[in-house]
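In: Requesting a structural model of the entry that follows:
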Amino acid sequence: MSVYVGNLSYDVTDADLTAVFAEYGTVKRVQLPTDRETGRMRGFGFVEMSTEEEETAAIEALDGADWMGRDLKVNKAKPRENRGGGGGSFGGRR
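Out: Purely as a prediction, here's the structure:
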């Protein structure tokens, strides 16, 4: 499982997020999604830690905390929904 981190500054880096979460345990992976068209960070990310206890400690400490001028939103990440790509019929010829 991983932790969702929302309301991030657009200037945050993987290293920044790793440093903050490392205070609560071992950070296994950090993901900061970017916009496909602009390449700009989307303002949220995901942090995967070694244990659920570490994730819980980080969530309790960081949810609502002020960091880089923003109030963080930190909670358990929800499983990604399958949006089922390719739906719709665009090829109908008359």
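In: what's the spacing between L72 and R36?
Out: To R36, L72 is 25 Å away according to CB to CB, to the nearest Å. No exception for glycine: its C-beta is placed from N, CA and C like everyone else's.
In: more neighbours, these two?
Out: L72 (17 against 7; other CB atoms under 10 Å).
In: Quick one: residues contacting the nearest residue to R42 once chain neighbours are set aside.
Out: In space, and not counting its chain neighbours, R42 is closest to P33: 5.0 Å by CB to CB, 6 or more residues apart in numbering. Contacts for P33 (CB atoms under 8 Å, 6 or more residues apart in numbering) come out as 41-42, 44-45.
In: Any chance of CSV for those, columns distance to V12?
Out: As requested, the contacts of P33 are exported to CSV (distance: CB to CB, whole Å):
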residue, distance to V12
M41, 7
R42, 11
F44, 10
G45, 7
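In: hmm, which of those residues are the buried ones?
Out: Among the contacts of P33, those scoring as buried are 41, 44-45 (criterion: 16 or more other CB atoms under 10 Å).
In: and the residue nearest the centre of the chain, bridged to which residues?
Out: The C-alpha lying nearest the average C-alpha coordinate of the chain belongs to G45 (CA atoms, centre = their mean; 1.9 Å). When bridges are called by DSSP bridges, G45 pairs up with V5.
In: Return the residues in contact with it.
Out: 4-5, 8, 12, 17, 30-33.
In: quick one: low-confidence ranges for this structure?
Out: 83-94 (pLDDT under 70).
In: again, only this time at 80
Out: Applying pLDDT under 80 to the chain picks out residues 1, 80-94.
In: what are the ranges of the helices in it?
Out: All helices of the chain, identified by DSSP state H, fall at 14-22, 52-62.
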